[in-house]
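Student: Got a predicted structure plus its sequence, pasted below:
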Amino acid sequence: MLTVMVSHGGKLAVLGAMCCLLSQCETGSLASGNMSGPSAAERDAKIATEPTGDFFYGRRYYVEKTRFWGYIRKPRQSWSQAKLVLIREDLKHSPDRLPENGPPGQRYAFDNNYEYRLHGSFNGRTAYEPNSNQFLPEFTLTSYELLDRQPGWLFRPDDRYDPYRITMTPR
């Protein structure tokens, strides 16, 4: 508990300072701010030695009011080459297919920044995502496996996540 005693004239300054402090608080592993994680060299080494096969690596990326799923890349391909996609769920629902107003940890996008092994394929179609004003490739999902709940940054060690706007894109 913080107790502050100020004169009437200093209340505005204290209120401003408290707002700044409170805005720095993190409520989860990806609250606005740096995402931490391995060094760039460690990430590159991990990607260079990862298993290959008939699957993709996917990273869930949630931005409020959007319906894209996240980024998908081929095995041993850099995240900078990943594609932001819409998942077509004809054969399998995406991992976070839950109500948007469910309890914490049990609602749509609970898995932001989780890393998955995805089975399926790009179906050659694009679809319009109106809230981000983008035409994105569709990926038809057939199955998935959770690989990591806290993989750290996605494209660069200085990535910053904002749940209300697209802040992470490959260079």
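Tutor: In hand now; what should we look at? Numbering: from 1, shown residues only.
Student: residues contacting residue 66?
Tutor: Residues counted as contacts of residue 66 (C-beta atoms under 8 Å, 6 or more residues apart in numbering) are 129, 131-132, 166. For the C-beta atoms, the positions are set from N, CA and C on the backbone; glycine is no exception.
Student: what's the next secondary structure element after the host helix or strand of residue 85?
Tutor: Here residue 85, judged by DSSP states H and E, is contained in strand 83-88. Using DSSP H and E, the helix or strand that directly follows strand 83-88 along the chain is strand 115-129.
Student: Please compute how far that next one lies from its chain's middle.
Tutor: 16 Å (C-alpha atoms, centre = their mean, to the nearest Å).
Student: Who are the packing partners of it?
Tutor: Packing contacts for strand 115-129, counted by 3 or more C-beta pairs under 8 Å, 6 or more residues apart in numbering; DSSP states H and E, involve strand 56-60, strand 83-88, strand 134-148.
Student: Deepest in the core, which of these is it.
Tutor: strand 56-60 (a mean of 23; mean count of other C-beta atoms under 10 Å).
Student: How about residues contacting the next helix or strand after that strand?
Tutor: Using DSSP H and E, the next helix or strand after strand 56-60 towards the C-terminus is strand 70-73. Residues external to strand 70-73 that are found in contact with it (C-beta under 8 Å, 6+ apart): 56-62, 79, 81-85, 118, 139, 154, 170.
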